[in-house]
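Enquirer: Provided below for reference: sequence and predicted model.
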There are 4 protein chains.
Amino acid sequence: MCAIVGIYGNDNAARLASLALFSMQHRGQEATGISSSCGGKIYTKKDRGLVSEVFNNEALEYLKGNMAIGHNRYSTAGGDSILDAQPVFAKYKLGEISIVHNGNLINKDQVRNELIEQGAIFQTGMDTENLIHLIAKNTKDRLRDRIREALDKTIGAYCFIIQSRSKQFVIRDRYGIRPLSLGRLKSGGYIVASETCAFDLVDADFIRDVKPGEMLIFAEGHDEPESIQLFEPEYRPCAFEYVYFARPDSVINGKNVYRTREDMGKTLAKNDVNNSIKADMVIPVPDSGVPAALGYAAQSGIPFEYGIIRNHYVGRTFIEPTQEMRNMKVKMKLSPMKSLITGKSLLVIDDSVVRGTTSKRIVKMLKEAGAKEVHFRVASPEIKFPCYYGIDTPNQDELISHRMTKDEICEYIEADTLEYLSIDDLKNSIGNDTNYALESFDGDYFVTK
Amino acid sequence: MCAIVGIYGNDNAARLASLALFSMQHRGQEATGISSSCGGKIYTKKDRGLVSEVFNNEALEYLKGNMAIGHNRYSTAGGDSILDAQPVFAKYKLGEISIVHNGNLINKDQVRNELIEQGAIFQTGMDTENLIHLIAKNTKDRLRDRIREALDKTIGAYCFIIQSRSKQFVIRDRYGIRPLSLGRLKSGGYIVASETCAFDLVDADFIRDVKPGEMLIFAEGHDEPESIQLFEPEYRPCAFEYVYFARPDSVINGKNVYRTREDMGKTLAKNDVNNSIKADMVIPVPDSGVPAALGYAAQSGIPFEYGIIRNHYVGRTFIEPTQEMRNMKVKMKLSPMKSLITGKSLLVIDDSVVRGTTSKRIVKMLKEAGAKEVHFRVASPEIKFPCYYGIDTPNQDELISHRMTKDEICEYIEADTLEYLSIDDLKNSIGNDTNYALESFDGDYFVTK
Amino acid sequence: MCAIVGIYGNDNAARLASLALFSMQHRGQEATGISSSCGGKIYTKKDRGLVSEVFNNEALEYLKGNMAIGHNRYSTAGGDSILDAQPVFAKYKLGEISIVHNGNLINKDQVRNELIEQGAIFQTGMDTENLIHLIAKNTKDRLRDRIREALDKTIGAYCFIIQSRSKQFVIRDRYGIRPLSLGRLKSGGYIVASETCAFDLVDADFIRDVKPGEMLIFAEGHDEPESIQLFEPEYRPCAFEYVYFARPDSVINGKNVYRTREDMGKTLAKNDVNNSIKADMVIPVPDSGVPAALGYAAQSGIPFEYGIIRNHYVGRTFIEPTQEMRNMKVKMKLSPMKSLITGKSLLVIDDSVVRGTTSKRIVKMLKEAGAKEVHFRVASPEIKFPCYYGIDTPNQDELISHRMTKDEICEYIEADTLEYLSIDDLKNSIGNDTNYALESFDGDYFVTK
Amino acid sequence: MCAIVGIYGNDNAARLASLALFSMQHRGQEATGISSSCGGKIYTKKDRGLVSEVFNNEALEYLKGNMAIGHNRYSTAGGDSILDAQPVFAKYKLGEISIVHNGNLINKDQVRNELIEQGAIFQTGMDTENLIHLIAKNTKDRLRDRIREALDKTIGAYCFIIQSRSKQFVIRDRYGIRPLSLGRLKSGGYIVASETCAFDLVDADFIRDVKPGEMLIFAEGHDEPESIQLFEPEYRPCAFEYVYFARPDSVINGKNVYRTREDMGKTLAKNDVNNSIKADMVIPVPDSGVPAALGYAAQSGIPFEYGIIRNHYVGRTFIEPTQEMRNMKVKMKLSPMKSLITGKSLLVIDDSVVRGTTSKRIVKMLKEAGAKEVHFRVASPEIKFPCYYGIDTPNQDELISHRMTKDEICEYIEADTLEYLSIDDLKNSIGNDTNYALESFDGDYFVTK
């Protein structure tokens, strides 16, 4: 997951980058960082924490220059996660370089092992380090050629923004799996960001998505970025961005995320084999289940109700409930509208089911709050396969749809009925004009180069 | 505003109090505190910050005992706000006492001046200090009699929970202006809290609202609280709790807040003099405008859309935007769904309009995002009078409805049309069985004793 | 203990007060606070922590005005110590008032009980609250008369600085037990502070000590403070300030603290009944034992060596050593110079022995480091009585000299020999011109009015 | 500067390492870190701040295993210093490796450039990264051989401790410039540390110094570390450790640091060309000038007095004095004993003079406090050359002794007289048995391999 941003040609580059990262905070809350370039030197500030915690005025004043790249990190395993924050900075033969990356390189272990075999050292667990090594070991004179050849050895889902002391290089993999869009800042210069929701806050106009397989080069003396088609495109943007990850006001591949989710809900309703069941109300699991629930309600005519309240004050360090107080965790985050649902038959919509534990707790909480029936609807297909293209999914064994049939899951989570969106219906909701990446649902691991 | 809670007869008293305060965090985020009683001693911990920040395990272990009272503070003016946190603790003739208070005493200055005239000192700006003085100066032998006589001199909207070293006294003013409910903890003992949403998290069953003019006394050796009717009730619960302040899953005076807001939206739609205008969608200002918008949409048949996203990561210390970046403040909190609203006619629903500045910014933001028309609907009547009964409203001069007519406000906020709920419709939405307090809308300052 | 300061007639009043408190940080590290007066309003900022942590620029800008009083607090028992920070502020009949206090009122419980009997409430454990009540209940028109009559009911060791909205009143008890000096700021106006070491940092010239029983009044329109002799003086300044508490560069009652300590060491040497023992070196327990050790060395001719290093990095939150690592606590703070002392006979000088536990650990540490003999010398008499005049001593039962004879103590701490300064010698060291307060040593609790 | 430690063969390895680092905090306060090895995995925790802040129990429990290495960092330039904290960890061909380093590699730029030329990347500014690269690029099968060959390419002053997943390698350069000692833990296993003061706190017995050019290898199955003489020793330990850097209770090259400083003071006195001047007292600049001042006083017969008090509460974030309050900085840290020095002729002893600014401020402060004469004595020779062997000295242009003669300096700092220790006398004080490194004084940059 993660979010990346590049700002080029604006004197407020770092400040704008921090605002763009702020509006993409939902893509990663563990760590954040920005590198700016000024006068032949790269300045970097990165740390654990939210964008609003890390980037105070002091930090932003340190990050001089009219170009900047930034990153929000989703999560890291291990003890000293600060080392795994991005941008990754290095000195190498051509000077200084700083890189941000959103995605996952599927041949990273192989490349890393080859590099290690040749004497390279790796100081972090990030695959971003691979790319720097490949660029550094290359012997070409121009950075653009080094990047190109480094990418020839790189297989996976990726969006990179690479900043040298005077240029920015933006690259999206040939499949265009992870989103990346280009905009023009009204205050001057360009922005590239994982999601278009970043454009609104910094006052930028959307130009177009970065193309699959494209490299954009921002350099002084050029009014417009140079575009080089590095690879033959085989467009397969990630369907999961629409299902869950992107912010609803973003537009990916020309489709508004919110509208797509609404369509998923509508389709769920149309095909609901249990539509004989007349639920009293449609209830979303907030916040991500809301658009699909609105769609389901609009299609089915069953009234939409905001039957579960989400508490946004949940901090990281609150009291550990004592033994008697367990099971309270989901209730601290989600509160059922008791008086609304008591004695009612509910049609509950969530965006996806991964391990099944949260769904089970939600059903239990609703029944304890008096719900007569809970019909669980999932606005995405069954997740049977781990994602290797940049979404953090658990091991296959932990995926409940890998281990159980739909009926077994329904029984496990103690719902009255359970339905998923079919893969075909998901495709229809997003649009059949594009061949979306669906590997979590169909196991088609199509990335081969 | 503020929230109060009392727990009696449970060995986890402070822990449960902290959880109840956590679920009432929306009523006050500036400071929080708890006093427990154990072995003839009162323990107090209070500080600036959120419940989840102040009450770590160390604090909760310090707060020994099977009874506790707690408080969330909304805001204070001035520099050293920690002194204005509650509970207020004092030693006095009968021993130790600790008090929490939600409300506002309208004769507080007069009482304070009389007390000062008699030689009393006041160390804080809180009217809670008045009550302690009145109790302390009284010469009756029993605390209950002292409280009673102190309240005889107290005019206003109030809910008090008073804790001595072995008892708890709960009092609600004769008008029942501020909400207060009684519940039974499944793990043993009782809870009294400003809102019933607190009951769900601590696993308590709602028993009933504390009655207007009632004093409940919790004491050892009594299975049930003793109830004393202190004053002739003249029930006038605050309508503003339904409009804006309470959490939607709470039930006040037997009415679910969410449902009431939904009704307000429906009534707005029914009476909309502009209902000839066919807006393309109904959009709430999140989060509090959502239920009314759902009601409006259901009534009018215009589709409900979640057209404004709320960013919950906004911290307190983030970067000050530079001069060029002003006007960004509302955009950091609220993001319009550009692709949804471009070229559309919007019917925007907010819960209330106080100063008008935020409404103006929202309209501007929506128009800049491409809205063709913005029809602004307010799910409450015009606020023409400051509230003196416990809701933080600004001076009358800052209330836009005091200074401008509806048409002038419409022009000022640059909306295409503007409608409010009428006072009669507000009454109908909440229910005509009770005579609600409406002073912010009609200026009827009814509290006289 | 504690430190107090008053600044009058300087536009940088709060800033200078913070610097004075900073230089008196050794008198109290738990909490600190300042009240300033400006335009008929008193501003207060107080919090837990060191002066350098609490008073940032923001706090100092809030504390407007050309007069300010401040306080460093030594320690408080109990959980919510912030409430026991000073200054204590109150509104009362004549307006606003803020008080700082160094000392201890010995009739405080009696006065408090009388006040409580009359209906007063006490919100803190501080005796400072007594004085405000006495002032507030008084019916005189002028604050100076109220203060005077309040002090008539006050018995104890005290230095008060009382600030109204336009004046400052400085009072020292008739015995002059706690130190308090007056100086003139080179940048304009006056300073009153517990120790003269504060004058150096703020660039002030020492004028004189505040006299026992004197009240100084600073008011607009008067170039010099008005002096009123409230009580017949019976001068008995605290000897313990010279022994341990004051900073060595301070001057109290015309005597330099450092020189006095040096004299104590010299006298110890002169009278040493074991002077037949030829120790190899004189070693101080740092930092407070240094001057006496220098004096002992100079007198005896035995070389002075800095044989124990003090580690100043000890923080509050460091690792709890595991079971095997106990006894390490004293070693984290004090490190013996192994190679210096191995095989040597040491004459170790500490300023005082209270409970005996630290002395025992120091002897053990030195012997483990190879010392052949440890002769323990204490530059003060045996502490047999608790101090009720403002120094934090433990209960009498915990005072080792109350429970044991000198020989028993010597055996308990496992020293080879042990000697104390006699009471007469202490008097001689400080000077026989004044009748010092020696209650910790001789049990003469002389304060009666 | 910096401090390093290695613990081998003790189940409390990380805890002991943290205590050792705690006692060497004076060698670096900016950042600290520890790597432990357990079960074939290396665990690392490093962060900005003091040892007592970074290593709480949670951190120490994460650092599992019976071997650990640690580091205190003195300072770093630039904005994101956390990246320059040690240990430096990397994965490479033989597995995992972690390194701590005290010293400075004088051919680091050349080695780095060669490595970069060959395609290496450098992510930090630390020369420690060089060594990891050299080890990783090497093709030998055994780590010990790789280390040996990497060191063949390394010129400079260094102490390394290298930890693999099961072994520890300790190396000191052939000159033995930076100190490093070996001890045996009473609780089992070994310790290697920059200073012997670390041994006392962790209860270890000093065995011997690590020899110049020696490599010690700690490995399972060996009761004692294997010793390999890597290089022909040419022993030149750093004289500056005695002058200023080491803690006085440490023993380096068999010499107690405190005693050596005392000798320097004695020698200063013996040779004082101004010994006709009879100063009234000898005063140290605390804390590091104390032993030399004691020596000077003992030799000259002039009494030693503690005439300057050092304030240990100085924090990092205290108020910036306003314009009128400048020059206060040195006074916040050092306070003159006014009443002691007024009208007196002072002989002030500091350990060294680098830029001259602090000396100038001290003289000024003493004269303002009333000193009649200030005779400045420096217990080390004139520093005319920057140190490239691991001590942080400024550029040569900033060294006052490079720009001015002794007389000019005396005039600049406004002292009455000024004397330094001669280089020969410094040698005599430390001992003529060893050829010490004196490059800061004599410019003899002897390191060539």
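Expert: Yep, that arrived.
Enquirer: all strands for the stretch 201-350 of chain A, in order.
Expert: Applying DSSP state E, counting those that start in this stretch to the stretch 201-350 of chain A gives strands spanning A:204-209, A:214-218, A:226-229, A:251-252, A:255-256, A:281-284, A:308-310, A:334-336, A:345-350.
Enquirer: mind naming the longest strand for chain A?
Expert: Longest strand in chain A, counting residues (DSSP state E): strand A:95-105.
Enquirer: returning to that earlier point: deepest-packed of the strands of the stretch 201-350 of chain A, please.
Expert: strand A:281-284 (a mean of 27; mean count of other Cβ atoms under 10 Å in any protein chain shown). C-beta here means a position set from N, CA and C on the backbone, and glycine is covered the same way.
Enquirer: that older thread, may I see the strands of the stretch 201-350 of chain A arranged in a markdown table, with mean pLDDT and distance to C:Lys211 as well?
Expert: Formatted as a markdown table, these follow (pLDDT from 0 to 100; distance: least, Cβ to Cβ, whole Å):
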| stretch | mean pLDDT | distance to C:Lys211 |
| --- | --- | --- |
| strand A:204-209 | 97 | 73 |
| strand A:214-218 | 98 | 77 |
| strand A:226-229 | 97 | 85 |
| strand A:251-252 | 96 | 81 |
| strand A:255-256 | 94 | 82 |
| strand A:281-284 | 97 | 77 |
| strand A:308-310 | 91 | 67 |
| strand A:334-336 | 91 | 67 |
| strand A:345-350 | 97 | 79 |
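Enquirer: ok so, going back, just the CA trace of the longest strand of chain A, in PDB.
Expert: What follows is strand A:95-105 as a C-alpha-only set of coordinates in PDB (Å, rounded to 0.1, in the frame of the first residue of the first chain):
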ATOM      1  CA  GLY A  95      26.100  11.800  -7.000                       C
ATOM      2  CA  GLU A  96      23.100  11.800  -4.600                       C
ATOM      3  CA  ILE A  97      19.800  10.000  -5.100                       C
ATOM      4  CA  SER A  98      16.600   9.600  -3.200                       C
ATOM      5  CA  ILE A  99      13.800   7.200  -4.000                       C
ATOM      6  CA  VAL A 100      10.200   6.600  -2.900                       C
ATOM      7  CA  HIS A 101       8.300   3.500  -3.800                       C
ATOM      8  CA  ASN A 102       4.700   2.200  -3.700                       C
ATOM      9  CA  GLY A 103       4.300  -1.500  -4.600                       C
ATOM     10  CA  ASN A 104       6.000  -4.800  -4.300                       C
ATOM     11  CA  LEU A 105       8.800  -6.400  -6.300                       C
END
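Enquirer: so in that sheet, which strands flank it, and in what orientation?
Expert: strand A:88-92 (antiparallel), strand A:156-163 (antiparallel) (DSSP bridges).
Enquirer: just to revisit the earlier point, closest to D:Glu262 out of the strands of the stretch 201-350 of chain A?
Expert: strand A:214-218 (64.7 Å; Cβ to Cβ).
Enquirer: could you give the angle of the closest one to strand A:156-163?
Expert: 10 degrees (axes from the mean of the first three to the mean of the last three Cα atoms, to 10 degrees).
Enquirer: pull the distance from strand A:214-218 to the chain's centre.
Expert: Relative to its chain's centre, strand A:214-218 lies at 22 Å (Cα atoms, centre = their mean, to the nearest Å).
Enquirer: work out the gap between the worst-scoring helix or strand of chain A on mean pLDDT and the centre of the chain.
Expert: Of all helical and strand segments in chain A, the minimum by mean pLDDT, DSSP states H and E falls on helix A:329-333, at a mean of 80. Chain-centre distance of helix A:329-333: 24 Å, with Cα atoms, centre = their mean.
Enquirer: what sits against A:Tyr244?
Expert: By Cβ atoms under 8 Å, 6 or more residues apart in numbering or on different chains, A:Tyr244 lies in contact with A:288, A:351-352, A:380.
Enquirer: where are the low-confidence patches of chain A?
Expert: Within chain A, the segments meeting pLDDT under 70 span A:76-82, A:273-276, A:314-328.
Enquirer: domain parsing for it?
Expert: Following automatic domain parsing, chain A resolves into domains at A:3-235, A:257-442.
Enquirer: can you say which of these is nearest to D:Gly9?
Expert: Short answer: domain A:3-235, nearest of the domains of chain A by Cβ to Cβ, at 22.9 Å.
Enquirer: now A:Pro381: closest residue in space that isn't a chain neighbour?
Expert: In this structure, A:Pro381 finds its nearest non-sequential neighbour in A:Phe441, 4.2 Å apart by Cβ to Cβ, 6 or more residues apart in numbering or on different chains.
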